[in-house]
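Peer 1: coordinates for the following, if possible.
(4 chains)
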Protein chains: 2
Amino acid sequence: MTTSIRRPRGPYAKTSRRRQEIVDAAVEVFSAGGYHKGSLRDVAGRVGLSQAGLLHHYPSKDSLLEAVLKWRDDDATAFLGEPVPEGLELLRGLVRLAEYNASSPELVELHVILSAEGTLPDHPLHGYFVGRHRNVIKIATAAFQRAAANGQLKPGVDSEDAARSLLALMDGLQVMWLLDRDGVDMAAHLRRYLQSQLTVEL
Amino acid sequence: MTTSIRRPRGPYAKTSRRRQEIVDAAVEVFSAGGYHKGSLRDVAGRVGLSQAGLLHHYPSKDSLLEAVLKWRDDDATAFLGEPVPEGLELLRGLVRLAEYNASSPELVELHVILSAEGTLPDHPLHGYFVGRHRNVIKIATAAFQRAAANGQLKPGVDSEDAARSLLALMDGLQVMWLLDRDGVDMAAHLRRYLQSQLTVEL
DNA sequence: GTCTATATACTGATAGAC
DNA sequence: GTCTATCAGTATATAGAC
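Peer 2: Numbering: from 1, shown residues only, chains lettered A, B, ... in the order given. You can find the predicted model right below:
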């Protein structure tokens, strides 16, 4: 997010609001079709703009998608709290995040479709998801290490392995939940997994 | 697969071979781009055919994709053996399947991208994946129930929950593996999870 | 069985008026 | 800031010759 010194509030605030409307609409569109199927015309239509008009705010499809991902990351970070909590607190936060996700199907759809597309090597999002994955693994591993240092982790459990299994489970549960929303309780599955790795009550 | 009585072998065998060539090429194309980005022209080019020529063998994009999914299901079934093994044998088979997958990145890509697209309600594959999911859950749940009946499952573990966690883990690990092939040992993660639910050596 | 040619429909992006 | 008009590219599918 860049700020302008020369246009501090008035017109800028209006443009900013407009840009947020566009991002909201883009979330709807990319959730329902992913990057490849989602079209700028569709996004534009939802905010009462022509496609060319939309391109005035975001000069390309990629730049719009980038804004969507930034918005989603900011949303998740805000949910977990800043600075990101450590140890068991982070693990508890991830369970609460799963509960939150289950109340926002759109967010889950967005994550599932974009992260799958992002695994493909020549997808515009590939680099973003590779980097994000590295970062998330690092943070979750640190949480398990902190738990281990506090004697809260079962003996023989490797922190990085536990972190990877946890994150894979989170991702896989989201796919499964989209296929069977009433049959899958994402947070409960995560809690059970975490409990099986810990020596204390989560 | 329909067979013809009037053309028992010669020309039919040739056509059958051609159709398999096409399916192989389609796996490559849909692996790399999913349903929406994968194009018939691309598939056709890989087997030295024009796009219209390809449509002679599979009259629509959907029919070709259907053939691809059938081929993949048959492949997995053949790997696990028929009839599908029961109890611990099935669980061991799923671990071996993960090892097999790790030697076929293309299969993993195909599964990850198509199953993500298939979660979207209006995707042509949605019905297929919903049905497949139900079926797979049923089989895996039965395997855990069999293990429980043999006293091989830890007390307090619900068979269906264990099955769902296992399958979510399998799916999530594939996404993760595509982002970091050297850092993720899918089979090892599955084995650890299963071992944590069982009273006997897997 | 395979081709060329074509119909029809979208796509993202640009040019330039207002 | 938003529009219309347009360009160049892509897609699936069909018609009909060979």
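Peer 1: check contacts around the residue of chain A found nearest DNA strand D.
Peer 2: Across chain A, the shortest distance to DNA strand D (C-beta to the nearest atom of the strand) belongs to A:G53, at 2.6 Å. Backbone N, C-alpha and C define where each C-beta goes, glycine included. Contacts for A:G53 (C-beta atoms under 8 Å, 6 or more residues apart in numbering or on different chains) come out as A:A44.
Peer 1: what's the average pLDDT for the strand or helix carrying it?
Peer 2: According to DSSP states H and E, A:G53 maps onto helix A:51-57. When pLDDT is averaged over helix A:51-57, the result is 98.
Peer 1: flag every buried residue along that helix.
Peer 2: A:54-55, A:57 (16 or more other C-beta atoms under 10 Å in any protein chain shown).
Peer 1: same list, the residues you listed, but only the ones touching DNA strand C.
Peer 2: Under the cut-off given by C-beta under 7 Å from any atom of the strand, DNA strand C has A:L55 from the buried residues of helix A:51-57 close to it.
Peer 1: for A:L55, give me its contacts.
Peer 2: So A:L55 contacts A:L40 (C-beta under 8 Å, 6+ apart).
Peer 1: how about the helices in chain A?
Peer 2: Remark: helices assigned in chain A by DSSP state H are A:10-37, A:40-46, A:51-57, A:61-80, A:88-101, A:105-118, A:126-149, A:159-179, A:186-197.
Peer 1: so which residues on chain A come close to DNA strand D?
Peer 2: A:11, A:14-15, A:18, A:44, A:48-53, A:56-57.
Peer 1: pick out the most distant pair among those.
Peer 2: A:P11 and A:Q51 (23.1 Å; C-beta to C-beta).
Peer 1: save the helices of chain A as JSON lines, and put in distance to B:D73 too.
Peer 2: Below are these laid out as JSON lines (distance: least, C-beta to C-beta, whole Å):
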{"stretch": "helix A:10-37", "distance to B:D73": "23"}
{"stretch": "helix A:40-46", "distance to B:D73": "33"}
{"stretch": "helix A:51-57", "distance to B:D73": "40"}
{"stretch": "helix A:61-80", "distance to B:D73": "33"}
{"stretch": "helix A:88-101", "distance to B:D73": "30"}
{"stretch": "helix A:105-118", "distance to B:D73": "19"}
{"stretch": "helix A:126-149", "distance to B:D73": "28"}
{"stretch": "helix A:159-179", "distance to B:D73": "16"}
{"stretch": "helix A:186-197", "distance to B:D73": "26"}
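Peer 1: lowest-confidence stretch among those?
Peer 2: Looking at the helices of chain A, the bottom one is helix A:10-37 with a mean of 89.
Peer 1: now that helix, how far from the centre of its chain.
Peer 2: 16 Å (C-alpha atoms, centre = their mean, to the nearest Å).
Peer 1: surely A:L69 touches A:L114?
Peer 2: Yes - at 7.5 Å, A:L69 and A:L114 qualify as touching, with contact defined as C-beta atoms under 8 Å.
Peer 1: which of these two has more neighbours?
Peer 2: A:L114 (23 against 18; other C-beta atoms under 10 Å in any protein chain shown).
Peer 1: can you tell me how far the more buried one is from A:V68?
Peer 2: Note on A:L114: its distance to A:V68, by C-beta to C-beta, to the nearest Å, is 8 Å.
Peer 1: shared neighbours, the two?
Peer 2: In contact with both A:L114 and A:V68: A:F30, using C-beta under 8 Å, 6+ apart.
Peer 1: hmm, A:L169 is touching A:L194, no?
Peer 2: No - A:L169 is beyond contact range of A:L194, at 9.5 Å (criterion: C-beta under 8 Å).
Peer 1: need the overlap of contacts for A:L69 and A:L114.
Peer 2: With C-beta under 8 Å, 6+ apart, A:L69 and A:L114 have common neighbours A:L125.
Peer 1: domain parsing of chain A, as residue ranges.
Peer 2: A:8-59, A:61-197 (automatic domain parsing).
Peer 1: deepest-packed of those domains, please.
Peer 2: When you average the neighbours per residue for each of those (mean count of other C-beta atoms under 10 Å in any protein chain shown), domain A:61-197 leads with a mean of 18.
Peer 1: and chain A, which of its residues are near DNA strand C?
Peer 2: A:38-42, A:51-52, A:55, A:59-62.
Peer 1: columns distance to A:L107 on top of those, output as a markdown table?
Peer 2: Below are the residues of chain A next to DNA strand C laid out as a markdown table (distance: C-beta to C-beta, whole Å):
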| residue | distance to A:L107 |
| --- | --- |
| A:G38 | 15 |
| A:S39 | 21 |
| A:L40 | 21 |
| A:R41 | 23 |
| A:D42 | 19 |
| A:Q51 | 25 |
| A:A52 | 29 |
| A:L55 | 26 |
| A:P59 | 26 |
| A:S60 | 24 |
| A:K61 | 20 |
| A:D62 | 21 |
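Peer 1: out of the residues you listed, who's nearest A:V108?
Peer 2: A:G38 (16.2 Å).
Peer 1: isn't that closest one right up against A:A32?
Peer 2: Yes - if you go by C-beta under 8 Å, A:G38 and A:A32 touch, sitting 7.3 Å apart.
Peer 1: many thanks, we can stop here.
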